[in-house]
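Participant: Provided below are the primary sequence and the corresponding predicted coordinates.
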Amino acid sequence: MNKITVLLDTSPLHTGSQVRGIGTYTRLLQEALEKREDVTVIPIQSKEDVRRFRKSATGYDPKTTLIHYPFFDLFFSSLPMLRKFKTVVTVHDVIPLKFPEYYKPGRKGKLRFYKQVFALQSVDAVITDSKSSEADIVKYLKIKPGLVHPIYLAASPAITPQSERTQQEVSQALHLPEKYVLYVGDINYNKNIPQLIKMLKFIPEEIHLVCVGRNFVPQEIPEWRWIEAQIALSDVADRVHFITEVGVDAVETLAAIYSGSVAYVQPSLYEGFGLPVLEAMQAKCPVVASDNSSLKEVAGEHAILVPPEAEGFAEGVNTIVNWTKTHRQEVVKAAYTWSQEFSWTKVAAETVAVYREVLNLS
């Protein structure tokens, strides 16, 4: 079998994106591909790296070499117009196009958008995270359906259920409340954080909300102002806790926060995938999620799916609170088993299958 050489753009690992989903995807994909014997991964960060490879590569064969851009920015020039290799691009989602009134690119952003879409038309394959995203990429970016390949992601295998002792140690270190509902992620409009905060009005007062993410800090953006306004309107300031110092490499700490929570809630109006849902399942934490987009695919039958409104999230949480200990154990065990159906070994295998199709290799 021909061995494939992949020039993988790892620039997200050297920017602010390293702590976001794009960085996680790039890092875990690289690690999974490097474990395979049929692929040689060459990390690149710039056009200069590509040129150096062309000049220095011995035995370079264009029939078995391609470049993979593991991200695609709608409003910034992340995809070169001219390329010397067969090209695969991962487009995680088109959320800004779903909610244009909340993601305004400006004049320069619009020009770059048209340039990006034009460049995308000539790539050899597009990978995306879900069937939901596949449909939207075809609809909004006008990519031929046959060129788009949905490949489900997976949580880091390092996220595992943590012992009660570890949970207590992490809880003490981070000053977590005794009982809490958890959210992990960003504060973008589609994350629907105000409704998550409003949920507190409809669940028992002893249950607090813990939000983990680097962007849960005061800042001059509309999203933060909405959060502050909702906290004030709902009068729940003493029940909302922001944890901003847990990095992407602190997997044991994150896993302990998941394991110690009453429930994990994914309140999004839309997700390209929704990785925290699987992370919670791996840590044996029950999940409540919005009944929309890719979340239905990721959750399967192992989360409580509700309308993306405060009352819906509260209904889901209250259902979990009223479970018996035995029923809770049964649910989280089944969800854990489901989460193991997703793996980075599978992600790598399906990604390599796309590479081979692009290169016309059997």
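Facilitator: It's in.
Participant: helices or strands next to the helix or strand hosting Ala255 in the packing?
Facilitator: For Ala255, the host element (DSSP states H and E) is helix 251-259. Using 3 or more Cβ pairs under 8 Å, 6 or more residues apart in numbering; DSSP states H and E as the contact test, the elements touching helix 251-259 are helix 164-174, strand 179-184, strand 207-212, helix 275-282. The C-beta positions use only the backbone N, C-alpha and C, and glycine is treated the same way.
Participant: which residues does the longest one contact?
Facilitator: It refers to helix 164-174. When contacts are defined by Cβ atoms under 8 Å, 6 or more residues apart in numbering, helix 164-174 is touched by residues 162, 176, 243, 246, 252-253, 256-257, 259-260.
Participant: report the buried residues of it.
Facilitator: 166-167, 170-171, 174 (16 or more other Cβ atoms under 10 Å).
Participant: checking the closest residue to Leu361 other than its chain neighbours next. Helix, strand or coil?
Facilitator: Using Cβ to Cβ, 6 or more residues apart in numbering and skipping residues adjacent in sequence, the residue nearest Leu361 is Asn2, 5.2 Å away. Of the three states, Asn2 takes coil under DSSP: H, G, I helix; E, B strand; the rest coil.
Participant: give me the neighbour count for Asn2.
Facilitator: Counted with other Cβ atoms under 10 Å, residues neighbouring Asn2 total 12.
Participant: need the contact list for it.
Facilitator: Per Cβ under 8 Å, 6+ apart, neighbours of Asn2: 38, 63-64, 359, 361.
Participant: kindly report the same for Ile159.
Facilitator: 251, 254-255, 258, 279, 282-283.
Participant: what of Thr24?
Facilitator: Contacts of Thr24 by Cβ under 8 Å, 6+ apart are 156, 248, 275.
Participant: let's go with 7 Å and repeat that
Facilitator: Val248 (Cβ atoms under 7 Å, 6 or more residues apart in numbering).
Participant: surely it is in a strand?
Facilitator: No. Counting by three-state DSSP, one finds Thr24 to be helix, located in no strand.
Participant: and after the worst-scoring helix or strand of the chain on mean pLDDT, which helix or strand comes next?
Facilitator: Within the chain, no helix or strand scores below helix 47-56, which has a mean of 73 by mean pLDDT, DSSP states H and E. Once helix 47-56 ends, the next helix or strand along the chain (criterion: DSSP H and E) is strand 65-69.
Participant: contacting residues around that next one?
Facilitator: Taking Cβ under 7 Å, 6+ apart as the rule, strand 65-69 contacts 5-9, 78-79, 83, 85-90, 355, 358-359.
Participant: again with stretch 228-244
Facilitator: 174, 176-177, 194, 197-198, 200-201, 208-214, 216-217.
Participant: do that again at 10 Å, thanks
Facilitator: 174-177, 180-182, 184, 187, 193-203, 205-218, 227, 253-254, 257, 310 (Cβ atoms under 10 Å, 6 or more residues apart in numbering).
Participant: is there a quick PyMOL command that grabs whichever of these are buried?
Facilitator: Buried residues within the contacts of stretch 228-244, by 16+ other Cβ under 10 Å, are selected in PyMOL with:
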select buried, resi 174+176+177+180+181+182+184+187+193+194+195+196+197+198+199+200+203+207+208+209+210+211+212+213+214+215+216+227+253+254+257+310
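Participant: what pLDDT, on average, does stretch 164-184 get?
Facilitator: Taken as a whole, stretch 164-184 has a mean pLDDT of 97.
Participant: quick one: the helices in this protein?
Facilitator: Ranges of helices within the chain are 21-34, 47-56, 95-98, 106-120, 131-141, 164-174, 193-198, 222-234, 251-259, 275-282, 295-299, 310-321, 325-339, 344-358, based on DSSP state H.
Participant: how close does Glu297 sit to Ile67?
Facilitator: 28 Å (Cβ to Cβ, to the nearest Å).
Participant: er, Val181 actually
Facilitator: In terms of Cβ to Cβ, Val181 sits 42 Å off from Ile67.
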